[in-house]
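Trainee: This is a predicted model, with the sequence first.
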Amino acid sequence: MNEFEKQNAEVFAMVHDNPRRSGVLTEIGYIVPMKQAQSYAAYEAAQARKGGGIGSLILAAAGLLVTVTATVLALV
């Protein structure tokens, strides 16, 4: 338990014990070492680069279809 948690333990206990405020302190994430965070960020970036080829091609084709359709409707 760090110094902040020691100083505020009583307040945290009161909030957790109060039924109206029991959901106030929800867990929103985790603290991880910088090296692990960088490793995960590199992994996510590699996954995004690897899987983006076919998705971006489909998106470009859909954009072209919308543009052609809008042009044809404007000319009619």
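Mentor: Here it is on my side, so go on.
Trainee: which residues sit against stretch 35-42?
Mentor: For stretch 35-42, the surrounding residues in contact (C-beta atoms under 8 Å, 6 or more residues apart in numbering) are residue 32. C-beta coordinates here come from the backbone N, C-alpha and C atoms, glycine included.
Trainee: Repeat the analysis, applying 10 Å as the threshold.
Mentor: By C-beta atoms under 10 Å, 6 or more residues apart in numbering, the residues outside stretch 35-42 that reach it are 30-33.
Trainee: Adding distance to residue 62 and secondary structure, write these out as TSV.
Mentor: Listed next are the contacts of stretch 35-42 as TSV, based on distance: C-beta to C-beta, whole Å; DSSP: H, G, I helix; E, B strand; the rest coil:
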residue	distance to residue 62	secondary structure
30	37	coil
31	41	coil
32	38	coil
33	41	coil
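Trainee: Go through those residues and single out the one with the most neighbours.
Mentor: Highest neighbour count within those, by other C-beta atoms under 10 Å: residue 32, with 11 neighbours.
Trainee: And that one, its phi and psi?
Mentor: Main-chain dihedrals, residue 32, degrees, to the nearest 10: phi -130, psi 160.
Trainee: State the distance from it to residue 6.
Mentor: 22 Å (C-beta to C-beta, to the nearest Å).
Trainee: again with residue 69
Mentor: Distance from residue 69 to residue 6, by C-beta to C-beta: 64 Å.
Trainee: which phi and psi does residue 15 have?
Mentor: Dihedral angles (degrees, to the nearest 10) for residue 15: phi -70, psi -40.
Trainee: So what's the residue count around it?
Mentor: 15.
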